[in-house]
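Peer 1: let me see the structure of the following:
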Amino acid sequence: MVYQNLRIRILSGELPLGASLSRRQLANDFNVSIVPVGEALQLLESEELVESRPRVGTRVRIPDSDDVRGYYVVREALETHSARLFAEKASRSERQEIVTLAAWLDDAYGKAARQLLSTGEIFELHQRHMRFHMRVAECTGYRALRQAMERNHVLTLNWLYDTAADWHQLPERFHASLAGELICGDPLRASEAMRQHVTYGREELLEKLDHRLRRMATATP
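Peer 2: You can find the predicted model right below:
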């Protein structure tokens, strides 16, 4: 319970990058002893969502620029391979599912661009976005690929969405166009479409994150 709740609070932005995590305070918040809190923090540290530093204590992890860029390189490699395999292996019903998910996302992002979303709504959209990409990986039939992508997504999307206020500003039919290439039956076209999709706006987002991380590093004792 403690682990799942803390994880959601981090991924939803309720606990932002650098937020201090006091074991005693968390134990009081969850009405448990310090032991399950410590176990939860260890799990989250193994997932690189939190970090412990001497004289600082435990906090939501602040990645450095090399971390983020490295994970983005891994994401591009995993996603393009996933798209290629999907084009080769997905069934007709799985292809239709991806088209349906893509249409929902485009509609949701369009609404997000026109109105201010609550934290809960942002988190829900974040989760549905991840679900779209995870579903592509699941349809390849390779569990290890899905697991690797999920771990990478949790970090990159959390770091970037936590940083960029305009992350939801996407081109029209951004996901529908990708879905069309994924279901076309051509692995090379699917792979290239996914590469363009996951690298869209990357440098702008990474530049914003670089600036924020430098400010946070300067402010950290």
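Peer 1: wait, is E51 part of a strand?
Peer 2: Yes - using DSSP: H, G, I helix; E, B strand; the rest coil, the assignment for E51 is a strand.
Peer 1: any idea how many residues pack against the nearest residue to it once chain neighbours are set aside?
Peer 2: Distances taken as Cβ to Cβ, 6 or more residues apart in numbering place R61 nearest to E51, at 4.3 Å, with adjacent residues excluded. Quick note: C-beta positions are derived from backbone N, CA and C, even for glycine. Using other Cβ atoms under 10 Å, R61 is surrounded by 22 other residues.
Peer 1: mind listing what the residue located most distally from the centre of the chain touches?
Peer 2: In the chain, S33 marks the outermost C-alpha relative to the chain mean, sitting 30.6 Å out by Cα atoms, centre = their mean. S33 makes contact with A27, according to Cβ atoms under 8 Å, 6 or more residues apart in numbering.
Peer 1: ditto for the one 10 residues further on
Peer 2: Contact criterion Cβ under 8 Å, 6+ apart gives Y3 as the residues in contact with L43.
Peer 1: how about stretch 16-31 as CSV, C-alpha atoms only?
Peer 2: Extracted C-alpha coordinates of stretch 16-31, given in CSV (Å, rounded to 0.1, in the frame of the first residue of the first chain):
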residue,chain,number,x,y,z
PRO,A,16,7.8,16.8,-7.5
LEU,A,17,11.4,16.3,-8.4
GLY,A,18,13.6,17.0,-5.3
ALA,A,19,10.7,16.7,-2.8
SER,A,20,12.0,15.5,0.6
LEU,A,21,10.7,12.1,1.8
SER,A,22,10.8,11.8,5.6
ARG,A,23,10.3,8.3,6.8
ARG,A,24,8.7,9.4,10.0
GLN,A,25,6.4,11.8,8.3
LEU,A,26,5.4,9.2,5.7
ALA,A,27,4.7,6.7,8.5
ASN,A,28,2.4,9.2,10.1
ASP,A,29,0.7,10.0,6.8
PHE,A,30,0.0,6.3,6.1
ASN,A,31,-0.6,5.4,9.7
